[in-house]
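Asker: predicted model and sequence follow; I will ask about them next.
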Amino acid sequence: MLEKWFKLKENDTNVRTEVIAGITTFMTMAYILAVNPSILSAAGMDAGAVLIATAISSFIGTLLMAFLANYPFALAPGLGLAAYFAYTVCGTMGYSWQIALLAVFVEGLIFIVLSVTNVREAIFNALPVQLKKGISVGIGLYVAFIGLQNAGIVADSDSTLVTVVDFTADFHTAGISAVLAVIGTFLIAVLYIKGVKGSILIGILATWILGILCQLTGLYSVVPEAGYSSLIPSWSSFSISAIGLTFGQCFMGDFGSAKVLDFVVIILAFLFVDMFDTIGTLIGCASKADMLDEEGRLPRIKQALLADAIATGAGAVLGTATTTTFVESSSGVAAGGRTGLASVVTGFLFLISIFFAPVFTTIPGFATAPALLFIGFLMLSEITRIDFDSMTEAVPAYLCLLTMPLLFSISDGIAVGVISYVVINLFSGKAKKITPLMYILAVLFICKYIFL
């Protein structure tokens, strides 16, 4: 039955590999169960309800990806979009979280239309092959930078923006966390080089266990107010009925207070970021799994985008910000995941996590950081496939991969890549290479920076 549904042999994989890949993806994404409620609670939403909504929307979206597209990609509420939801729409603009959820729901409906009518697929296919390779490398650097932050290896700096953490200043919190992340990275690298199956997952678990040992021996101090929670799982009271506080509330707000123009701008902001974050993530993960064809196209892209669109609408009804394809899916791909079976495993782990939330939310950022750092290395290898002999192709790819981690945005990186591709080729006498859709995308991105 599994062979019939997921075509394991055709994709040169097996059940064991897919299960490990699914668990690995979940482990690198489990932090969303703790972080998303924390962000959205700033908008006045109940944290427990948001946690349940996060888990169920991730379950729905990931299973849709598995059965509609048969890809090992997982979905969950995006943090960047959640931050925009809580701090801009509900904070700066002053709208209720119910109105913000309605904007997400409408965005999801628009996405469904764009997916069914092939608009999103056309955008995906319109991006030049070399630019797609730049996107893949850029996402690798972006993922690695997230890993450095989660590990606490990099810190803010007034003079250089970021700098290496002072390992000795707060050794029992920041210092030891960074040290453990470094150890975990070395461990994953050695295991991967030796060909050990599940090396990334083993690295995550081993780093977490080392952290627990450090806590028990006093090397790691628990300081919750500084963000250093206990690494030892503890059970606490939790009621699944809390979902009633957010379910269907996207239709229950005081919508008469919303200004039409503001509401349109909010929808467009969600639309732009979600669309190009998803496209970028699909390109990056598919490139690493060697799923793109010779023309840089992804088979069953329509189904993958449709799964993402439906999950966005479902997430809004449940009570969470935009649900999107997660870049951490690359961890499962790196672990060998090639089919939707890996996504099924990830999806059910999200569903189960509702009942084991205290366990999964205990996994510290420094334990998953080594996986992200190593995945960044694996995705960086795509840079060797960029045609540097063609400057009009290579420069936009370079600008894309450079800006993605520095601007800390997949969608902004793609925007820079698209705009630079059109401008450079247009004024270099290569206008024939530019498709009409690329012109349209470049104009839309420029308008985004001017008006949104």
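Answerer: On my side now, so go ahead. Because the structure is a prediction, the values reported are computed rather than measured. Residues are numbered from 1 along each chain as shown.
Asker: wait, what's in contact with the residue nearest the centre of the chain?
Answerer: The centre of the chain sits closest to residue 326, judged by CA atoms, centre = their mean, with a distance of 2.9 Å. By CB atoms under 8 Å, 6 or more residues apart in numbering, the contact set of residue 326 is 25, 29, 32, 73-76, 78, 281. C-beta: built from backbone N, CA, C; applies to glycine.
Asker: in the helix or strand containing residue 189, what counts as buried?
Answerer: In this assignment (DSSP states H and E), residue 189 forms part of helix 176-193. Using 16 or more other CB atoms under 10 Å as the test for burial, helix 176-193 gives 176-185, 187-189, 191-192.
Asker: please apply the same query to stretch 37-49.
Answerer: Buried-residue list, stretch 37-49, by 16+ other CB under 10 Å: 37, 39-43, 45-49.
Asker: give me phi/psi at the nearest residue to residue 313 once chain neighbours are set aside?
Answerer: The shortest distance from residue 313 to any non-neighbouring residue, by CB to CB, 6 or more residues apart in numbering, is to residue 108 (3.1 Å). For residue 108, the backbone dihedrals are phi -60, psi -40 (criterion: degrees, to the nearest 10).
Asker: for residue 108, which residues are in contact?
Answerer: By CB under 8 Å, 6+ apart, the residues touching residue 108 are 309-316, 322.
Asker: could you find the lowest-pLDDT member of the residues you listed?
Answerer: Ranked by pLDDT, the contacts of residue 108 bottom out at residue 322 (90).
Asker: just checking, that residue touches residue 80?
Answerer: No - under the criterion of CB atoms under 8 Å, residue 322 makes no contact with residue 80, lying 9.1 Å away.
Asker: list the residues that contact both of the two?
Answerer: With CB under 8 Å, 6+ apart, residue 322 and residue 80 have common neighbours residue 273.
Asker: where along the stretch 1-150 of the chain do the helices fall?
Answerer: Under the criterion DSSP state H, counting those that start in this stretch, helices of the stretch 1-150 of the chain are mapped to 2-6, 15-29, 32-40, 47-64, 79-83, 97-116, 119-126, 129-151.
Asker: no no, the stretch 151-300 of the chain
Answerer: 176-193, 199-217, 260-288.
Asker: which of these sits most buried?
Answerer: Looking across the helices of the stretch 151-300 of the chain with neighbours counted as mean count of other CB atoms under 10 Å, the highest average goes to helix 260-288: a mean of 22.
Asker: what is the subsequent helix or strand relative to it?
Answerer: Per DSSP H and E, helix 260-288 leads on to helix 301-318 as the next helix or strand towards the C-terminus.
Asker: neighbouring contacts of the helix or strand immediately after that following helix in the chain?
Answerer: Per DSSP H and E, the first helix or strand lying C-terminal to helix 301-318 is strand 323-325. By CB under 8 Å, 6+ apart, the surrounding residues in contact with strand 323-325 are 57-58, 61, 65, 73-78, 81, 274, 277-278, 281-282, 285, 304, 308, 311-312, 314-315.
Asker: what is the mean pLDDT for strand 323-325?
Answerer: Strand 323-325 comes out at a mean pLDDT of 92.
Asker: for it, the distance to its chain's centre please.
Answerer: 7 Å (CA atoms, centre = their mean, to the nearest Å).
Asker: the helix or strand following that strand: how far from the chain's middle?
Answerer: Downstream of strand 323-325, the next assigned helix or strand under DSSP H and E is helix 329-334. Centre-to-centre, helix 329-334 and its host chain are 11 Å apart (CA atoms, centre = their mean).
Asker: which one's more surrounded, residue 322 and residue 80?
Answerer: residue 322 (30 against 17; other CB atoms under 10 Å).
Asker: ok, the buried residues of stretch 37-49 vs residue 165, which is closest?
Answerer: Each of these was checked against residue 165 using CB to CB; the closest is residue 39, at 23.6 Å.
Asker: which regions of the stretch 151-300 of the chain lie under the pLDDT threshold?
Answerer: 235-238, 253, 255-258, 261 (pLDDT under 70).
Asker: nope, the stretch 301-450 of the chain is what I meant
Answerer: In the stretch 301-450 of the chain, residues with pLDDT under 70: 360-361.
Asker: quick one, helices of it?
Answerer: With DSSP H, counting those that start in this stretch as the criterion, the stretch 301-450 of the chain has helices spanning 301-318, 329-334, 340-352, 357-360, 365-380, 391-406, 410-427, 436-451.
Asker: make TSV out of those and add distance to residue 13 and mean neighbour count.
Answerer: Conversion of the helices of the stretch 301-450 of the chain to TSV gives the following (distance: least, CB to CB, whole Å; neighbours: other CB atoms under 10 Å):
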stretch	distance to residue 13	mean neighbour count
helix 301-318	18	25
helix 329-334	11	30
helix 340-352	8	25
helix 357-360	26	18
helix 365-380	17	25
helix 391-406	29	22
helix 410-427	27	22
helix 436-451	34	14
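Asker: what would the ones you listed look like in TSV with distance to residue 158?
Answerer: Below are the helices of the stretch 301-450 of the chain laid out as TSV (distance: least, CB to CB, whole Å):
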stretch	distance to residue 158
helix 301-318	38
helix 329-334	33
helix 340-352	40
helix 357-360	36
helix 365-380	24
helix 391-406	17
helix 410-427	24
helix 436-451	27
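Asker: give me the contact list for stretch 192-207.
Answerer: Residues outside stretch 192-207 that contact it (CB under 8 Å, 6+ apart): 16-17, 20, 23-24, 27-28, 180-181, 183-185, 187-188, 191, 331, 334-336, 363, 366-368, 370-371, 374-375.
Asker: scratch that, stretch 445-452 is what I was asking about
Answerer: By CB under 8 Å, 6+ apart, stretch 445-452 touches 265, 268-269, 272, 415, 418-419.
Asker: now the residues you listed as JSON lines including distance to residue 126?
Answerer: Output for those, formatted as JSON lines (distance: CB to CB, whole Å):
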{"residue": "265", "distance to residue 126": "25"}
{"residue": "268", "distance to residue 126": "20"}
{"residue": "269", "distance to residue 126": "22"}
{"residue": "272", "distance to residue 126": "16"}
{"residue": "415", "distance to residue 126": "14"}
{"residue": "418", "distance to residue 126": "9"}
{"residue": "419", "distance to residue 126": "14"}
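Asker: tell me the contacts of the closest residue to residue 324 other than its chain neighbours?
Answerer: The shortest distance from residue 324 to any non-neighbouring residue, by CB to CB, 6+ apart, is to residue 78 (4.4 Å). By CB under 8 Å, 6+ apart, the contact set of residue 78 is 273-274, 277, 321-324, 326.
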